[in-house]
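> coords please:
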Amino acid sequence: MSRDVARAAAQWLALLESGAATERDHAALQHWRDSHPQHEQTWQKAEALRQRFSDLPHALAMASLDRPQPGRRAVLKRALGIAALVPTAWLVSRQLPIEAWRADLHTATGERKRMPLADGGSLQLNTATAVDVDLAQRRITLVDGELALNVPGAAAMTVRTRYGELSVSQADVCVRQQASGCLVSVLKGSVPVRDLSGQMTTLQGGQQAQLKASGLGAWVPFDVLQLGWRDGVLTAQNQALGDFLRDLERYRPGVLRWEPSLETLRVTGSFRLDDTDRILNLLASTLGLELHARTRYWVTLTPRKSLT
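The predicted structure is shown next:
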C-alpha cells in the first residue's frame, strides 16, 4: 500500500465521518475505490479501523471543542480540514498513523499482542505499535511503537528501526521507537546494534541505550520492571505522578489531563493495564485527587478541594 493511497483513504474516511459528504462525494469515493484494486484494499482496511471504534460517543468531538457555536464550528471545520471534528477519524489517526496502515501487524492504543515464532521465540507488540514482518528474510521492521523480541536459537532475527538495526539471537530485547530515537533494552544475551553510519556496538543483558540518528548513546543499567507491559502491568517505584500519567496515557484512547501542581506527587505500585479507568480511580483515592470525566475519553485530574 503506497503512502499516497493510505492518505487518500484517510481523507475519504474523515469526509464521510464529518457528515458533510454529498451524493457527488459518495459517487467520487466509489469511483476512486473502483479505479484500482489497491484503492479498494486500502479502503477496506480503513473501514475495519472505523468499525473498531464505532462505539465511541459522537459527543467526544463536540466536548473537545467546548461545544462551539455553529458559526464558529463551521469556521473550524474549514480551517482544520473537517477531520478535527471527527471523533472516529481523529482517534484512528492518533492511534494508527498513516504509516501503520501499511504495516503487516499493528495494535491500537491500549491493545497488546503476542505472536509465537516458528523457532520457539516470540514477538510482542505494545500499545499503538506497527511492524512489518519478513520471516523468509528473518527481518522485522519497527514502523512505530514498541516491541519485545525473544529469539532462543542461534539463527539471528534482524530488527530494523528508523535509526539503525539490531541482530537478535539467543537473546531477549525490547525496542521502543520514538520521534527522536529508539530506546534499546537488552534483557538477556548479547545484541549487536548497528547505527546509521554503520558503526557496530554490542549491548549486553541488563544494558539500555538510546539509538539516535547521531549513533548509539552510552549504555545505562535498567530495572526490568520498566518493561512490565509485556505482562500487562505498569509499575511505578516512587515515580513522579506526571511521568506516570504520561506513561499511562499511551494506553488510553482520548484525552487525559492533569493540573501542573500534581506533577511532583509520588506514585508507587503495580497496575494492571487492562483497566486504565481503575488505575485512575486508584490514583484519585490514594493521592486525594478529584477525577472529572466529561466522557470516558476526556478525563482530568485535579487536587481535591478542601471543605471550609
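
> need the contact list for V186.
A171, D172, V173, L203, Q204, G205, G206, Q207, Q208 (Cβ atoms under 8 Å, 6 or more residues apart in numbering). C-beta: built from backbone N, CA, C; applies to glycine.

> which of those residues are buried? Put it as a ChimeraX command.
Of the contacts of V186, the buried ones go into a single ChimeraX selection, burial set by 16 or more other Cβ atoms under 10 Å:
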select :171,172,173,203,207,208
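
> now, among the contacts of V186, which is nearest to S35?
Of all those, S35 sits closest to V173, with 43.1 Å by Cβ to Cβ.

> from the contacts of V186, which is closest to A14?
V173 (37.2 Å).

> what bridges to that closest one?
Beta-bridge partners recorded for V173 (DSSP bridges): L149, V186.

> and the gap between it and G198?
Remark: distance between V173 and G198 (Cβ to Cβ, to the nearest Å) = 20 Å.

> ok, the residue lying closest to W229 once chain neighbours are set aside - contacts?
Excluding its sequence neighbours, the residue lying closest to W229 (Cβ to Cβ, 6 or more residues apart in numbering) is N126, at 5.2 Å. By Cβ under 8 Å, 6+ apart, the contact list for N126 reads T107, R112, G145, E146, L147, A148, R176, W229.

> now N126. Its backbone dihedrals?
With angles defined as degrees, to the nearest 10, N126 sits at phi -80, psi -180.

> now the helices: where do they sit in this protein?
Taking DSSP state H as the criterion, the chain carries its helices at 3-18, 23-34, 37-52, 59-64, 70-79, 87-95, 98-101, 241-248, 276-287.

> out of those, which gets the lowest mean score?
Note on those: lowest mean pLDDT is at helix 59-64, with a mean of 34.

> buried ones among the contacts of N126?
Burial by neighbour count, 16+ other Cβ under 10 Å: within the contacts of N126 this picks out T107, R112, G145, E146, L147, A148, R176, W229.

> what pLDDT does the last one get?
Per-residue confidence for W229 comes out at a pLDDT of 96.
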